[in-house]
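Visitor: My questions concern the predicted model and sequence given below.
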Amino acid sequence: MGAVQTFGDRLQHAMGQFGPVCVGIDPHPGLLESWGLGADADGLEKFAEICVEAFDGCVALVKPQVAFFETYGSAGIAVLERTIEVLRGSGTLVLADAKRGDIGSTMDAYAQAWLADGPLGSDAVTVSPYLGFGSLAPALDLAEANGRGVFVLAATSNPEGAQVQRVIAGDGRTIAQTMVDEAAARNEGAEFGSVGVVIGATLTEAPDLSALNGPILMPGVGAQGGGPETIRDLVSEGMLAAAVPAVSREVLRDGPSVPALRARLNELQDAFAFLRK
């Protein structure tokens, strides 16, 4: 039996084929209303179906925001399961934006939920390292074994994040830099690693990403103020090909028309084409 193809390799191939943009499925109540849908499980399912129709097979990475599905309880989780199944079944990579983080057997259970072959099993998951990077070991190890990916929150753009992320540790590094460096260590030896980091596209400065050798997920593009110029300011020239701009409302506000959603996505792919050159 051959080696499992890594998430990093699959993501690089998909970005080369479709462009660098990651598009979110964020069924915010305001978006449901603007699409003429109810803020209930039925509206959620219709929203997800439209997103799948619009993005399946034409984008490198789709990122469902798990919280907006969880709010509807078991019915919402069932919609999320079907969404993941359909997207992955056709070869579209799925990043579950779940931001999980815990210790020991609990972290292992989160890893099994999102990075194994169960109903929520995705190609990658976002995780929070702020119980210590070592607490992520169950997710990192399972992801490596299964050819999946992990995106570690490092430097987020919310103002509250600075309270932890910009603290200077005893070795002189910020906590955010420590998280990037730990992710880089997990990627050593790979052609392109499967442990990515999350860096807010609206930050004024970012940690040193030069040694990461893995994907840089950059949320906050579009409606939140991030764009090509902010990414150029945050990511060095040598790392631009690893940047993955993440958009949601900037595309989704053009729904529920599938052609309109695709047209806006294509505009953004063109705007960020410089990342793949």
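Guide: Alright, I've got the coordinates.

Visitor: pLDDT below threshold where in this structure?
Guide: 1-3, 277 (pLDDT under 70).

Visitor: how far out from the middle of the chain is stretch 251-267?
Guide: Averaging C-alpha positions (C-alpha atoms, centre = their mean, to the nearest Å) puts stretch 251-267 19 Å from its chain's average.

Visitor: and what of stretch 251-269?
Guide: With C-alpha atoms, centre = their mean, you get 19 Å for stretch 251-269.

Visitor: Not counting its own residues, what contacts it?
Guide: The contact list for stretch 251-269 (C-beta atoms under 8 Å, 6 or more residues apart in numbering) reads 18-21, 23-24, 26, 31, 34-37, 47, 50-51, 53-55, 58-59, 221-223, 245, 247, 250. All C-beta spots, glycine's among them, are computed from the backbone N, C-alpha and C.

Visitor: Give me the buried subset of the residues you listed.
Guide: 18-21, 23-24, 26, 31, 35, 37, 47, 50-51, 54-55, 59, 221-222, 245, 247, 250 (16 or more other C-beta atoms under 10 Å).

Visitor: Show me those that map onto helices.
Guide: In this view, these that belong to helices under DSSP state H are 18, 31, 47, 50, 51, 54, 55, 250.

Visitor: Could you measure from the second one over to residue 152?
Guide: Separation of residue 31 from residue 152 (C-beta to C-beta, to the nearest Å) stands at 28 Å.

Visitor: Same check on the first one?
Guide: Note on residue 18: its distance to residue 152, by C-beta to C-beta, is 24 Å.

Visitor: again, but for residue 65
Guide: For residue 65, the distance to residue 152 (C-beta to C-beta) stands at 17 Å.

Visitor: who has more neighbours, those two?
Guide: Ranked by neighbour count (other C-beta atoms under 10 Å), residue 65 and residue 152 place residue 152 first, with 24 against 19.

Visitor: Could you pull up phi and psi at the more buried one?
Guide: Dihedral pair for residue 152: phi -100, psi 130, per degrees, to the nearest 10.

Visitor: That one bridge partners, please.
Guide: residue 127, residue 197 (DSSP bridges).

Visitor: got a list of what it touches?
Guide: Counted by C-beta under 8 Å, 6+ apart, residue 152 has contacts 126, 127, 129, 133, 136, 179, 182, 183, 195, 196, 197, 198.

Visitor: Among those residues, which pair sits farthest apart?
Guide: Farthest-apart pair in the contacts of residue 152 is 126 and 182; separation 15.6 Å (C-beta to C-beta).
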